[in-house]
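> All I have is the shape, not the residue letters:
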């Protein structure tokens with residue numbers, strides 16, 4: 001399945017139980033319940049990306065195994081009839097029997113949407129405020145574009161994740177990192193690669209913001225990456241601006 005959701009009112013993708021509460025609303029839990037209603041058998045969903053609380057998706061890929069054979073077009077109608085307004089199944093297809101949305105993924109693309117110059121209140125997001133972060137500062141987009149190129153390639157991104165990240169290695173490959181103006185006082189930062197660390201995209205966005213403010217030079221970015229020092233990178237930007245746009249797989253999956 002390809003699934004889209006407004007992550008604002010979710011505690012992320014993955015099912016979880018808070019120690020002091022019996023239930024936290026997550027996309028996996030809500031979607032799984034809808035799938036079980038339609039399939040009428042026990043179902044466990046696997047998502048390609050464990051998006052954090054507040055992060056959105058246009059192209060989350062989700063897979064499950066089932067005994068029943070129901071045409072994909074009927075599944076789309078059935079699943080969506082049980083889903084709330086902030087989740088939508090956009091595509092359903094039959095995958096290879098051994099398909100794994102995590103292990104077989106060859107690339108993911110994220111977009112960070114930002115409004116800037118918001119010291120003027122009329123520049124602040126209104127109708128799209130749930131999907132667009134904002135900053136009071138007017139940003140130099142050209143310098144941000146220059147800085148973005150330094151993230152390309154394989155690097156140790158230890159300075160661009162939380163200290164207790166839980167991963168065996170912090171080396172990651174970035175295939176795309178671009179900054180573009182999408183409208184007056186609006187910017188999108190697009191980052192793609194095989195996989196990312198916890199909060200990595202939001203910290204890259206925060207670092208590019210510091211460049212746009214003039215606090216950091218584009219030429220400083222390679223040294224910031226090489227330092228592996230979290231204190232030298234930018235702040236972790238808010239989740240509301242981040243969206244998982246797409247996930248890619250080999251053609252035979």
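Great, that's in hand. The shown structure was predicted, so the numbers you read here are calculated from the model rather than taken from an experiment. Numbers count the residues shown, from 1 in each chain.
> When you work out contacts or count neighbours from here on, use the C-alpha atoms and nothing else.
OK.
> who's in contact with the closest residue to residue 217 other than its chain neighbours?
Take residue 217 and drop its neighbours on the chain: the residue closest to it by CA to CA, 6 or more residues apart in numbering is residue 211, 5.7 Å away. Shown in contact with residue 211 (CA atoms under 8 Å, 6 or more residues apart in numbering): 140, 143-144, 147, 217-218.
> any idea which element residue 211 lies in?
Assigned by DSSP states H and E, residue 211 belongs to helix 200-213.
> and after that helix, which helix or strand comes next?
Per DSSP H and E, the helix or strand that comes after helix 200-213 is helix 221-227.
> following that next one, which helix or strand shows up next?
strand 242-248.
> what mean pLDDT would you report for that following strand?
Across strand 242-248, the average pLDDT comes to 97.
> now it, how far from the centre of its chain.
Taking CA atoms, centre = their mean, to the nearest Å, one finds strand 242-248 lying 6 Å from the centre of the chain it belongs to.
> what do you get for stretch 188-207?
Using CA atoms, centre = their mean, the offset of stretch 188-207 from its chain centre is 8 Å.
> Any idea how far apart the tips of that stretch sit?
End-to-end distance of stretch 188-207 (CA to CA, to the nearest Å): 14 Å.
> re the thing from before, centre of the chain to the helix holding residue 211, how far?
A distance of 15 Å separates the centroid of the chain from that of helix 200-213, by CA atoms, centre = their mean.
> Any stretches of this protein with poor pLDDT?
In the prediction, the chain carries residues with pLDDT under 70 at positions 18-22, 164-166, 252-253.
> for it, what spans make up the helices?
27-39, 72-82, 141-148, 200-213, 221-227 (DSSP state H).
> and these, which is most packed in?
Across the helices of the chain, the average number of neighbours (mean count of other CA atoms under 10 Å) peaks for helix 200-213, which reaches a mean of 24.
> and the angle for that helix with strand 242-248?
With axes from the mean of the first three to the mean of the last three CA atoms, to 10 degrees as the basis, helix 200-213 and strand 242-248 are set at 120 degrees to each other.
> hmm, back to that, nearest to residue 61, of the helices of the chain?
Distance to residue 61, taken as CA to CA, is lowest for helix 27-39 among those, at 11.5 Å.
> Go ahead and name everything in contact with that closest one.
So helix 27-39 is in contact with 5, 7, 10-15, 42-45, 47, 66, 68, 75, 78-80, 82-83, 87, going by CA under 8 Å, 6+ apart.
> Buried only: go through the residues you listed for me.
When neighbours are counted using 16 or more other CA atoms under 10 Å, the contacts of helix 27-39 contain these buried positions: 5, 7, 10-15, 43, 47, 75, 78-80, 82-83, 87.
> Next one: residue 218 relative to residue 4, how far apart?
34 Å.
> Redo the helices of the chain as a markdown table? Include distance to residue 53.
Output for these, formatted as a markdown table (distance: least, CA to CA, whole Å):
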| stretch | distance to residue 53 |
| --- | --- |
| helix 27-39 | 10 |
| helix 72-82 | 22 |
| helix 141-148 | 25 |
| helix 200-213 | 13 |
| helix 221-227 | 26 |
